[in-house]
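1. predicted coordinates and the sequence they were generated for:
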Amino acid sequence: MAQTRDTVISCGDDLPGVERITTVPAGARHITYGLAHGHTYTAQVLAPEPDDHLHNRYRLWNGATLNLAVPGLHNGRNALAALATADLLGIDLAHAVASLATFRGAARRFELKGEAAGITVIDDYAHHPTEVQATLAAARARYGTRRLLAYVQPHTYSRTLTLFDDWPGAFADADLVLVGDVYPSREQPPVTLQADAERDPRAALACKLVEHIRHQDNQVQYVGSIDQAVAHIEQSLVAGDILLTMGAGDGYRIGELILTHLADERVQPVARTGERLV
């Protein structure tokens, strides 16, 4: 959502959410954008071209075609917000569309960390259920039927507990869900977790989350600390897999460490036969 001096620009695809967080000032215009019909600024999702399958393509309200190098419908909506603002400010739309096509994404936003031995590693800052769901949907749209391993590092005790009931539905597009220890940041564990003397509070809450997440075939696993997660995931990978690490802490290190290990010829995933790394 954006606001100029006399105009409020909001996502019309989620008007109930917009209405919960803002009030349009008296006399101001309310401009909406979105992928659904009926908005001032709209875009239609187009099928990818055979030689350009990694891009998101949209037909804009003015007939122009927008090509985005970043996947996901959420990025399509973000682009529409930028274009709507540009148009209202009098910026040439053809120039704005061309500029968006060159945007390769921000660090830790669907960031391609590298590829090695047939494994693709991507990292994203997603750290709450809605973001995780959108990021996984983008990965599924981009990589099709390739097996998708989703590692998530829950961020802080308070956020994990507050959003506890929102997590189960966030992983529909993942083939395997891997949950690491909670990243506490500067928080102290709540008293209920401190009482469990047998387990580190970070692990205790992560295990509760694993038990709570619903997923097809129950493919949800607790993988522990960074080092433990690296060892566990390396034993789960097969050639052709997509590993997506998500969280606002230091979980991105997992992908970097795995890529370093995969670059070693002694550690290689086998062909997709259902076997695991040796």
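-> Done, it's in.

2. can you tell me the SS state at A79?
-> The three-state label given to A79 by DSSP: H, G, I helix; E, B strand; the rest coil is helix.

3. what stretches of this structure score poorly on pLDDT?
-> Along the chain, the parts satisfying pLDDT under 70 run over 1-5, 18, 21-22, 48-55, 105-108, 195-197, 218, 265-278.

4. please parse it into its domains.
-> Domain segmentation of the chain under automatic domain parsing yields 2-101, 111-262.

5. quick check: which of these is buried the most?
-> The highest mean neighbour count among those, using mean count of other C-beta atoms under 10 Å, belongs to domain 111-262: a mean of 18. Just so you know, the C-beta spots here come from the backbone N, C-alpha and C atoms, and that holds for glycine as well.

6. quick one: end-to-end distance for it.
-> Chord length of domain 111-262, first to last residue, is 19 Å (C-alpha to C-alpha, to the nearest Å).

7. just checking, L149 touches I242?
-> Yes: the criterion here is C-beta atoms under 8 Å, and L149 meets it with I242 at 6.8 Å.

8. so which strand or helix has the closest residue to A79 other than its chain neighbours?
-> Closest residue to A79 apart from its sequence neighbours, by C-beta to C-beta, 6 or more residues apart in numbering: L100 at 5.3 Å. L100 belongs to helix 93-101 when assigned by DSSP states H and E.

9. for the stretch 51-200 of the chain, what spans make up the strands?
-> Under the criterion DSSP state E, counting those that start in this stretch, strands of the stretch 51-200 of the chain are mapped to 56-60, 65-68, 111-116, 119-124, 148-152, 176-180.

10. can I get these in JSON lines with distance to R159?
-> Rendered in JSON lines, the data for the strands of the stretch 51-200 of the chain read as follows (distance: least, C-beta to C-beta, whole Å):
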{"stretch": "strand 56-60", "distance to R159": "29"}
{"stretch": "strand 65-68", "distance to R159": "29"}
{"stretch": "strand 111-116", "distance to R159": "22"}
{"stretch": "strand 119-124", "distance to R159": "16"}
{"stretch": "strand 148-152", "distance to R159": "12"}
{"stretch": "strand 176-180", "distance to R159": "14"}
